[in-house]
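In: Pasted the sequence and its predicted model underneath.
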Amino acid sequence: MTRGLLIAAPRSGGGKTTVTLALAAALRRRGVKLRTAKSGPDYIDPGFHAAATGLPSPNLDTWAMPPPLLEATLADACLGAELLLVESAMGLFDGLNGPPGGRGAAADLAARFGLPVLLVLDVAGQSQSAAAVARGFVAHQPGVRIAGVVLNRVASDRHRDMVRQAMAQVALPVLGSLPRNPELRLPERHLGLVQAQELEGLPALLQRLADVAERHCYLDAILACATALPTVPARAVAVRPPGNRIALAADAAFSFVYPHVLAGWRRAGAEIVPFSPLADEAPAEDCDAAWLPGGYPELYAGTLAAAENFRTGLARFAATRPVHGECGGYMVLGAGLVDAAGERHAMTGLLDHVTSFADRRLTLGYREARLHAAGPLGRAGARLRGHEFHYATLLDPGRDARFAELIDGQGRSLPAGGGRRGLVSGCFFHVIGDVS
């Protein structure tokens, strides 16, 4: 039996990831068999979770995942674990407008699976007012239970005691109080945190976080808050595999691929064969499909432009077998990529759009895609749900056939729908699940 606990906060940047990593590292040190998951669409935080636990950290999304896929992903996340820590995205109740249950909010997960909430409160610049915030969270949504709070960025013992006394009026236990310490912050860049694989000092940071949790959190009381998860083994597949042997671009430029998607492909009998474009590797000739996920190709545009074996090998592959690119992968499939300094680099040219990182503009949100033609993601007319999150812009949309019709999470039509030419397709859209 696996017990679960949701770690949430009133907003992004409140300390959820720091607390999740600190608790995971400390409890793993104790010998607790634990795993982690992330609510909503996110690639960066699960990489840090995996570093803390040694196991993949899947995403759970009540809007983009149909119920069988959501249940199957939760069941996979619980395998071999005594405890599952689920980190919330944004604020606990933040999601699409609409009735609770399928908005993509972490609160939907808490209510659906009976996950008690450990509320992380950043109390910098306040004291008793933190109790008013907590009171509002306790009462806001029936079926969502706040089990306790962890105070973050506490300035002193006196500060902690003032907040703790106010919390007693809300009948909420304070289960930890992390001191204000800039050395515990994780570095960030334009899409959020720097990737876990890029931080040489991450193991040492995790040990420091474990030390902080052991000194400043009531670990036994936090464990006691977790409750049994009602998981039933399921075998849903997020999206059908594009082939039996799938060549997957996998390196520092191409790292944004959801674990539940790969797990579903393997569950359906497909084999994943990694290759590294940054190491000038082409997809293996014995594969029957290639997938270029998102990542940070704009940081390595010059290296990718000079990777002749990768570019010619991918073109040769695409002449007879399907190739699909998501977000960063889509950018590399285009004719050119303009980096942050304004320099244009030739990409693979398998599609003819041009993207730019010099003219940065945030695009963020849930998406539903309806495919115009059969391809790596499914049949013509298939409906897929996922998201976009990028700062790149289209300098030239190109003349390729449109890949999909896109609408946002509120049902509004969107102009950009990627491109397809021959067996090659791509889009800024990241797929999470097939909802056809």
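Out: All right, it came through fine. Numbers count the residues shown, from 1 in each chain.
In: center of the chain - which residue?
Out: residue 42 (1.7 Å; C-alpha atoms, centre = their mean).
In: Report the spatially nearest residue to it, omitting neighbours in sequence.
Out: Spatially, and ignoring its direct neighbours in sequence, residue 42 is nearest to residue 89 (5.9 Å; C-beta to C-beta, 6 or more residues apart in numbering). For the C-beta atoms, the positions are set from N, CA and C on the backbone; glycine is no exception.
In: related to what we said a few turns ago, quick one: the residue nearest to the centre of the chain and residue 88 touch, right?
Out: No - the pair residue 42 / residue 88 is not scored as a contact, 10.2 Å apart, by C-beta atoms under 8 Å.
In: which residues of the protein fall in helices?
Out: 16-30, 44-53, 67-78, 106-113, 129-140, 157-168, 202-216, 219-225, 259-267, 301-305, 308-318, 328-333 (DSSP state H).
In: Indicate which one of those helices is closest to residue 185.
Out: Minimum separation from residue 185 across these (C-beta to C-beta) falls at helix 16-30, 7.3 Å.
In: Extract the residue ranges of this protein that are flagged as low pLDDT.
Out: 183-184, 186-200 (pLDDT under 70).
In: quick check: domain ranges of it?
Out: 3-228, 245-434 (automatic domain parsing).
In: Throw those domains into a markdown table and include distance to residue 234, thanks.
Out: Converted to a markdown table, the domains of the chain look like this (distance: least, C-beta to C-beta, whole Å):
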| stretch | distance to residue 234 |
| --- | --- |
| domain 3-228 | 4 |
| domain 245-434 | 10 |
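In: among these, which is nearest residue 238?
Out: domain 245-434 (4.4 Å).
In: got the end-to-end distance for the closest one?
Out: 20 Å (C-alpha to C-alpha, to the nearest Å).
In: which residues does the residue nearest to residue 42 contact?
Out: 12, 38-42, 106 (C-beta atoms under 8 Å, 6 or more residues apart in numbering).
In: try residue 291
Out: 242, 246-249, 257, 323-326, 329, 376.
In: one step back: do me a favour and get the backbone dihedrals for the residue nearest to the centre of the chain.
Out: phi -170, psi 130 (degrees, to the nearest 10).
In: Please report how far it lies from residue 106.
Out: Applying C-beta to C-beta, to the nearest Å, the value for residue 42 to residue 106 is 11 Å.
In: Ok, residue 293 next?
Out: 24 Å.
In: and what of residue 37?
Out: Distance from residue 37 to residue 106, by C-beta to C-beta: 11 Å.
In: between those two, which one's more packed in?
Out: residue 106 (32 against 25; other C-beta atoms under 10 Å).
In: which ones are touching the more buried one?
Out: Here residue 106 is in contact with 6, 8, 39-40, 86, 88-90, 92-95 (criterion: C-beta under 8 Å, 6+ apart).
In: That one - nearest residue in space that isn't next to it in sequence?
Out: Nearest to residue 106 is residue 88, by C-beta to C-beta, 6+ apart, at 3.5 Å.
In: do residue 274 as well
Out: Residue 274's closest residue in space is residue 250 (C-beta to C-beta, 6+ apart), at 4.0 Å.
In: The one you found: neighbouring residues, count only.
Out: Residue 250, neighbours per other C-beta under 10 Å, totals 21.
In: ok now do residue 94, which residues does it touch?
Out: Per C-beta under 8 Å, 6+ apart, neighbours of residue 94: 11, 105-106.
In: any idea how far it is from residue 60?
Out: Distance from residue 94 to residue 60, by C-beta to C-beta: 15 Å.
In: about what we covered before: nearest to residue 218, of the contacts of residue 94?
Out: Nearest member of those to residue 218, counting by C-beta to C-beta, is residue 106, at 22.7 Å.
In: if I look at the closest one, how far off is residue 429?
Out: 23 Å.
In: before we move on, the earlier item: overlap in contacts, residue 37 and residue 106.
Out: With C-beta under 8 Å, 6+ apart as the test, residue 37 and residue 106 both reach residue 86.
In: The nearest residue to residue 34 once chain neighbours are set aside: how many residues sit nearby?
Out: Using C-beta to C-beta, 6+ apart and skipping the chain neighbours, the partner closest in space to residue 34 is residue 83 (4.3 Å). Using other C-beta under 10 Å, residue 83 has 22 neighbouring residues.
In: what does the one 3 residues further on give?
Out: When neighbours are defined as other C-beta under 10 Å, residue 86 has 29 of them.
In: Who are the contact partners of it?
Out: 4-7, 36-39, 60, 106, 109, 115.
In: hang on, isn't residue 284 packed against residue 275?
Out: Yes - contact criterion C-beta under 8 Å: residue 284 and residue 275 qualify, at 6.6 Å.
In: Looking at these two, which one has more neighbours?
Out: residue 275 (21 against 14).
In: what residues are up against the residue nearest to that one when sequence neighbours are not counted?
Out: Nearest non-adjacent residue to residue 275, counting by C-beta to C-beta, 6+ apart: residue 281, 4.4 Å away. Contacts here follow C-beta under 8 Å, 6+ apart; on that basis residue 281 touches 275, 309-310, 313.
In: what does residue 331 give?
Out: 297-298, 325, 337, 347, 355, 392.
In: would CSV of these with distance to residue 262 be doable?
Out: Putting the contacts of residue 331 into CSV (distance: C-beta to C-beta, whole Å) gives the following:
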residue, distance to residue 262
297, 20
298, 24
325, 16
337, 26
347, 25
355, 26
392, 24
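In: what's the closest of those residues to residue 385?
Out: The closest of these, once distances to residue 385 are taken by C-beta to C-beta, is residue 325, at 18.7 Å.
In: how far away is the closest one from residue 303?
Out: 17 Å.
In: Look at those two and report which has more neighbours.
Out: A direct count of neighbours by other C-beta under 10 Å for residue 325 and residue 303 places residue 325 higher, at 30 against 17.
In: and the closest residue to that one other than its chain neighbours, how many residues sit next to it?
Out: Leaving out its chain neighbours, the residue that sits closest to residue 325 by C-beta to C-beta, 6+ apart is residue 426, at 3.6 Å. As a burial measure, residue 426 scores 28 neighbours (other C-beta under 10 Å).
In: again, but for residue 203
Out: 11.
In: ok so, going back, doesn't residue 279 make contact with the residue nearest to residue 274?
Out: No - counting by C-beta under 8 Å, residue 250 does not reach residue 279; the two are 10.4 Å apart.
In: Do a quick rundown of the strands in the stretch 301-436 of the chain.
Out: Along the stretch 301-436 of the chain, the stretches classed as strands by DSSP state E, counting those that start in this stretch are 323-326, 336-338, 344-346, 354-356, 363-371, 383-390, 393-396, 404-408, 413-414, 419-421, 424-427, 430-434.
In: Now do the longest one against strand 430-434, angle only.
Out: I take that to be strand 363-371. 50 degrees (axes from the mean of the first three to the mean of the last three C-alpha atoms, to 10 degrees).
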